[in-house]
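S.K.: Sequence first, predicted model second:
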Amino acid sequence: MKLLVVGSGGREHAIAWRLARSPRVQRVYVAPGNGGTAREPLLSNLPITDLAALADYAEREQISFTVVGPEAPLAAGIVDLFRSRGLKVFGPTRAAAQLESSKDFAKAFMTRHGIPTAAYRTFTDAASARAYIAERGAPIVVKADGLAAGKGVVVASTVGEAQAAVDMMLLDNRMGDAGARVVVEDFLQGEEASFIVMCDGRHVLALASSQDHKRLLDHDAGPNTGGMGAYSPAPVVTPEVHARVMREVILPTVHGMAADGIPFTGFLYAGLMVAPNGSVKTLEFNCRMGDPETQPIMARIKSDLTEVFEHALAGTLDQAHIDWDRRTALGVVLAAHGYPDDPRKGDAIAGLSEGAAIGEDTLVFHAGTQLDTDRAVRTTGGRVLCVTALGDSVKVAQSRAYEAVAQICFDGMQFRRDIGHLAIARRRDAGKA
Ligand code: AMP
Ligand code: GLY
């Protein structure tokens with residue numbers, strides 16, 4: 001079979017790489033792809049981003065099914081378009097993608113269906129928002145309603161900082177349409193986890209848990225980023241927490257969307273805050289897999305992923321099963337000089353292998369890279385690579401990943417040296433380090 005993966009990040013390299021491990025797969029096209037997907041055996045880049053042109057391609061080339069990685073084409077209606085042309089595609093419709101593309105939609109949905117989340121109010125008027133913040137006190141969180149590429153959330157430690165964020169979004173219009181409405185919500189304490197499931201509109205198949213590191217610098221300092229590393233499983237998601245998330249968050253969301261007449265199909269990602277007592281609240285929904293969470297998750301899948309997608313597309317996810325590698329997978333993101341504010345492009349990358357795999361247990365997934373005409377791989381974006389390794393413990397996976405990082409080099413390369421620290425501290429506390 002021939003498959004199509006839409007996107008150009010590390011998430012898409014990892015999904016396409018895993019699909020291509022299936023003996024059923026002849027070729028996976030990645031649109032538009034990156035320097036890694038250009039060099040990976042069985043993968044080909046497709047330099048198309050226009051949605052109608054992608055549908056034409058899928059039809060002409062008899063693509064068995066398409067998997068959409070990022071939120072932008074989903075929010076633009078790629079799934080509606082493909083379906084209207086009778087093409088198989090895994091992802092949410094434009095209406096269902098509002099769980100991610102509008103924070104106000106997601107909060108109102110959660111409130112209506114009794115799904116645990118922080119108390120909130122939505123504003124279009126700055127004076128009312130400022131008054132609500134003054135009444136509520138700090139810390140408090142201000143979020144732009146629309147898609148803002150990870151830059152729409154201000155976790156404010158003072159009332160003044162929160163009010164300044166409101167002014168920036170509602171008065172100065174600095175986030176454009178995305179910030180024309182703001183959600184102001186209570187600050188939640190705890191440990192974050194990413195909980196990603198596949199949905200077919202009615203049934204749910206949970207993927208392995210994971211945890212991302214959002215801050216740029218070691219010890220969770222510095223600015224927020226798209227994610228500087230991740231690992232799977234996340235020890236904070238104990239079997240009890242897992243059961244609770246399914247019962248209180250995931251199933252009510254999937255059933256609630258169906259009841260509201262907008263069944264959710266595709267990957268549903270709940271960003272969770274797990275309190276010390278094990279209670280769970282939803283910070284956000286994404287309508288796609290996480291990046292970089294996908295890279296360690298894909299590294300751990302042992303089943304034929306094409307069969308899982310076929311169940312999802314046929315509405316029989318209740319009959320699907322994924323065999324997981326029991327080991328931990330841990331991914332370290334290598335970012336460009338100047339990331340996240342102003343990443344530099346064009347730096348040559350040394351020390352890469354031809355495909356993602358280096359040996360048995362280490363994979364280098366590309367994101368912001370491009371293959372030049374001279375076959376040199378250069379940086380083209382903020383997050384450049386995600387070096388992912390498997391190991392019997394978080395520590396072993398971590399040291400394997402950092403050994404592989406040491407082989408790679410480009411000017412201005414930035415990375416965190418403590419990916420996995422929360423999981424390692426948890427094991428240490430439990431006497432298992
Ligand atoms: P979001 O895009 O909504 O996930 O927010 C981005 C990041 O902001 C999250 O990963 C959290 O680290 C933080 N955050 C968001 N909402 C809250 C909240 N209510 N309380 C504490 N931290 C939050
Ligand atoms: N790593 C967080 C995200 O993909 O949204």
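M.R.: That came through, no problem. Ligands and ions are numbered 1, 2, ... in the order given.

S.K.: quick one: low-confidence ranges for this protein?
M.R.: 150, 431-433 (pLDDT under 70).

S.K.: residues in it within reach of ligand 2, list them.
M.R.: 212, 226-227, 286, 290-291, 293 (C-beta under 6 Å from any ligand atom). Every residue, glycine included, has its C-beta placed from N, CA and C.

S.K.: For beta bridges, what are the partners of the residue of the stretch 201-350 of the chain found nearest ligand 1?
M.R.: Taking C-beta to the nearest ligand atom, ligand 1 has its nearest neighbour within the stretch 201-350 of the chain at E284, 3.5 Å off. Beta-bridge pairing for E284 (DSSP bridges): G271.

S.K.: Make sure it is actually in contact with G271.
M.R.: Yes. With contact defined as C-beta atoms under 8 Å, E284 counts as touching G271 (4.4 Å).

S.K.: could you pull out the helices for the stretch 251-400 of the chain?
M.R.: For the stretch 251-400 of the chain, the helices defined by DSSP state H, counting those that start in this stretch cover 251-259, 294-300, 305-314, 394-405.

S.K.: mind checking how far the host helix or strand of V6 is from the chain centre?
M.R.: Per DSSP states H and E, V6 falls inside strand 2-7. Its chain's C-alpha centre and that of strand 2-7 lie 17 Å apart, by C-alpha atoms, centre = their mean, to the nearest Å.

S.K.: On the C-terminal side of it, identify the next helix or strand.
M.R.: Counting by DSSP H and E, the element after strand 2-7 in chain order, helix or strand, is helix 10-20.

S.K.: residues contacting F410?
M.R.: 334, 336, 347-350, 379, 384 (C-beta atoms under 8 Å, 6 or more residues apart in numbering).

S.K.: give me the number of residues near V166?
M.R.: Neighbour count of V166, defined by other C-beta atoms under 10 Å: 24.

S.K.: Surely it forms part of a helix?
M.R.: Yes. Applying DSSP: H, G, I helix; E, B strand; the rest coil, one finds V166 inside a helix.

S.K.: For it, which non-adjacent residue is spatially closest?
M.R.: A129 (4.5 Å; C-beta to C-beta, 6 or more residues apart in numbering).

S.K.: T158 too?
M.R.: Counting by C-beta to C-beta, 6+ apart, the residue nearest T158 is A138, at 5.0 Å.

S.K.: show me where the stretch 101-250 of the chain has strands.
M.R.: For the stretch 101-250 of the chain, the strands defined by DSSP state E, counting those that start in this stretch occupy 120-123, 140-144, 153-156, 182-186, 191-200, 204-206, 211-212, 215-217, 221-224, 229-232.

S.K.: right, I mislabeled it, should have said the stretch 301-433 of the chain
M.R.: Using DSSP E, counting those that start in this stretch, strands in the stretch 301-433 of the chain cover 328-335, 357-358, 362-366, 369-371, 377-379, 383-391.

S.K.: Contacts only, for the residue positioned nearest the centre of the chain.
M.R.: Taking C-alpha atoms, centre = their mean, the centroid of the chain lies closest to G290, which sits 1.1 Å from it. By C-beta under 8 Å, 6+ apart, G290 lies in contact with 11, 194, 196, 210, 212, 227, 230, 269.

S.K.: Could you tell me which of these count as buried?
M.R.: For the contacts of G290, a burial check counting by 16 or more other C-beta atoms under 10 Å picks out 11, 194, 196, 210, 212, 227, 230, 269.

S.K.: And these, which two are furthest apart?
M.R.: Comparing every pair within the buried ones among the contacts of G290 by C-beta to C-beta identifies I196 and G227 as the most remote, at 13.2 Å.
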